[in-house]
Every structure is written in structure tokens, then in C-alpha cells.
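A.B. asks: What follows is a predicted structure for the sequence shown.
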Amino acid sequence: MSKTIFITGAGSGLGKGAAIGLAKQGHRVIAPVEIAPQVTSLREAAKAEGVELEVFKMDITNPQDLLQMMEYDFDIFVANAAINEGGPLGEVPMTNFRRLFEVNVFATLETAQIAARKFVEKGKGKIVFMSSMAGIMATPYVGPYTATKHAIEAIATTMQKELAEFGVQVATINPGAFATGFNDRSAEAKWKWYDEKFHFTKKEDMAEADKALENQYDAADMIAKMVEVIPLDSHKFRTAFPPDTEQQMKEEEAKRWDMEI
């Protein structure tokens, strides 16, 4: 059955792939993007794939832009928009850290609140938070992003309990490390402010950690999983993918109960 799906941050990466993939499945997809140039590029990409998307600029941190959400009626809301930046938590500039929370947590919750109100009025609907393996796991020098996704996990779990009585479903999707450029840009960002003359974190330790990005998964597989899960009427609260990542997440969570300092 065809659904109307609103997906934020559809201008790049997994969001862009999922928006096009869902449209190919016959769903009506409302696909706002962060910045104006992405409007043109996403429309062109959709046209090249032979699908139609409703594309417009909606920076989720811009209150004026957010008003556009009020104009649409939709069945499923996918809170996908996010930014990523790495760096050691002991030294990351607070301006950078706050910016991540502004987008990934505060503005994301604000969009989810708009969707929640619409769905409560209708008595049905589904909110899907794009979380991450970082919502459960903790990796050195990925702390700023990890902190925001841990917050999203708490938000999603709580809203799931609070909204169930109104007929509103809440779920998360937790990708592993996929090659969209998102993780690579994050790893690069810390080198803009890091200076080994002033910072105690060892440059070689961070460079070594960055090598983990050399073996990322094919984004097409994650996009296919998103296209499969997002329209479903019933599925697990958390969809972690691929299976290797799900196993890693479960093992990491279990370890914390026995971990000593």
C-alpha cells in the first residue's frame, strides 16, 4: 500500500538514496534538503531515476523553514537530517559540540514534535529516527556524534512509550559504517582545529583510529534496508544493519555491565 513519507536531510547520503528508493516503490515522498543547491541536484537525480519527489529547502535549525512542515499531511516521518564531526571529547571545542546537538538533537526533536502532533490528531502515524551504531556503541574520537545519537536513542525509546496510547509508532534505524562520505568528512573535521602544540590528544592515535574508515559497507545495501523497513506497518523497534553491526552493538552493550575502571 502506498504511503506518504516525509524524510528530512534528503539532499545527500542515505537520506537521498532512501527518498529515491521509496519513490521507486510507488510511495509519495516529501524530501526537504538542508541548502538551496541540493534542491536542484536532488531534483535532477530524481529525474534521472524516473521518479518524482517533492523537494524544497528546509534547514531543520531554521524556524521559518520548519513552518513548511505544517503544510504537509503524511503517514510516516523519517528524522534523518544530521551532521557529523569527530574529535576527542576531552578537547573538542564546545562551539562544535553544541552545533552537533543543535542539529542532531534539538532541531531533530522539534521536527519529531511537529510530526507527533499531526499523528496524534489523526490517531495514527509512524516516526522513524535515523540513529546509528553510535547510538549504542562508543568509539574513541567519534564522541561528539556518539553523544548526539545516544540522546536520540533515549528520545526514541521514551517517545515510543509516550505516544503508543495515541496510535503513534516510534522506531529507530541504526546503520553501521557505510561509505557515503558522511563518516569521512567527520574524521577530517577535527584536523581543522586540532594542533599538537596545544592539545594533549596524540595525533597518531587519532590517525590510527581513522583507518577504520577504510573498510566501510556499500551504501546501496543500507538504502535497500531503509526502503524495506520505513513503509512497514509492523517491525522491530530497532533495526540495526548489517547483521555484523547488530551483533557488535549487542556485545558492546553487554560488556558495559562487567566493565571496570
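C.D. replies: Thanks, I have it. Numbering: from 1, shown residues only.

A.B. asks: measure the closest residue to residue 103 other than its chain neighbours to residue 108 for me?
C.D. replies: Using C-beta to C-beta, 6 or more residues apart in numbering and skipping residues adjacent in sequence, the residue nearest residue 103 is residue 83, 4.9 Å away. (C-beta placed from N, C-alpha, C; glycine too.) With distances taken as C-beta to C-beta, to the nearest Å, residue 83 is found 11 Å from residue 108.

A.B. asks: of these two, who's got more company?
C.D. replies: Of the pair residue 83 and residue 108, residue 108 is the one with more neighbours under other C-beta atoms under 10 Å, namely 26 against 19.

A.B. asks: Residue 101 is in contact with the residue nearest to residue 103, correct?
C.D. replies: No - applying C-beta atoms under 8 Å, one finds residue 83 not in contact with residue 101, separated by 10.3 Å.

A.B. asks: And residue 36, how far from residue 207?
C.D. replies: For residue 36, the distance to residue 207 - C-beta to C-beta - is 35 Å.

A.B. asks: Model confidence score at the residue nearest to residue 103, please.
C.D. replies: What the model reports as pLDDT for residue 83 is 96.

A.B. asks: Averaged pLDDT, the strand ranked longest in the chain. What do you get?
C.D. replies: In the chain, assigned by DSSP state E, the strand with the most residues is strand 168-175. In this model, strand 168-175 has a mean pLDDT of 98.

A.B. asks: Give me the helices and strands touching it, please.
C.D. replies: The elements that strand 168-175 packs onto, with contact taken as 3 or more C-beta pairs under 8 Å, 6 or more residues apart in numbering; DSSP states H and E, are helix 108-122, strand 125-130, helix 143-163, helix 219-229, strand 238-241, helix 243-258.

A.B. asks: Can you say which of those is packed in most?
C.D. replies: strand 125-130 (a mean of 25; mean count of other C-beta atoms under 10 Å).

A.B. asks: Paired strands for that strand, with orientation please.
C.D. replies: Note on strand 125-130: by DSSP bridges, its sheet partners are strand 76-79 (parallel), strand 168-175 (parallel).

A.B. asks: Determine which stretch of these is the most buried.
C.D. replies: Among the strands paired with strand 125-130, highest average neighbours (mean count of other C-beta under 10 Å) belong to strand 76-79, with a mean of 27.

A.B. asks: just checking, next helix/strand downstream of that one?
C.D. replies: helix 94-101 (DSSP states H and E).

A.B. asks: what is the orientation angle of that next one with helix 143-163?
C.D. replies: 30 degrees (axes from the mean of the first three to the mean of the last three C-alpha atoms, to 10 degrees).

A.B. asks: Let me see the residues that make contact with helix 94-101.
C.D. replies: When contacts are defined by C-beta atoms under 8 Å, 6 or more residues apart in numbering, helix 94-101 is touched by residues 83, 84, 85, 87, 144, 145, 147, 148, 151, 189, 193.

A.B. asks: returning to that earlier point: relative to residue 49, which of the helices and strands packed on strand 168-175 is closest?
C.D. replies: helix 219-229 (12.2 Å; C-beta to C-beta).

A.B. asks: can you list the residues that contact the closest one?
C.D. replies: 13-14, 17-18, 21-22, 24-25, 128, 171, 173, 175-176, 178-180, 235, 239, 241-242.

A.B. asks: What's the PyMOL syntax to select whichever of the residues you listed are buried?
C.D. replies: Remark: buried members of the contacts of helix 219-229, expressed as a PyMOL selection using 16 or more other C-beta atoms under 10 Å:
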select buried, resi 13+14+17+18+21+22+128+171+173+175+176+178+179+180+235+239+241+242
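
A.B. asks: Please report the distance of the nearest residue to residue 130 once chain neighbours are set aside from residue 254.
C.D. replies: Closest residue to residue 130 apart from its sequence neighbours, by C-beta to C-beta, 6+ apart: residue 80 at 4.4 Å. To residue 254, residue 80 is 29 Å away according to C-beta to C-beta.
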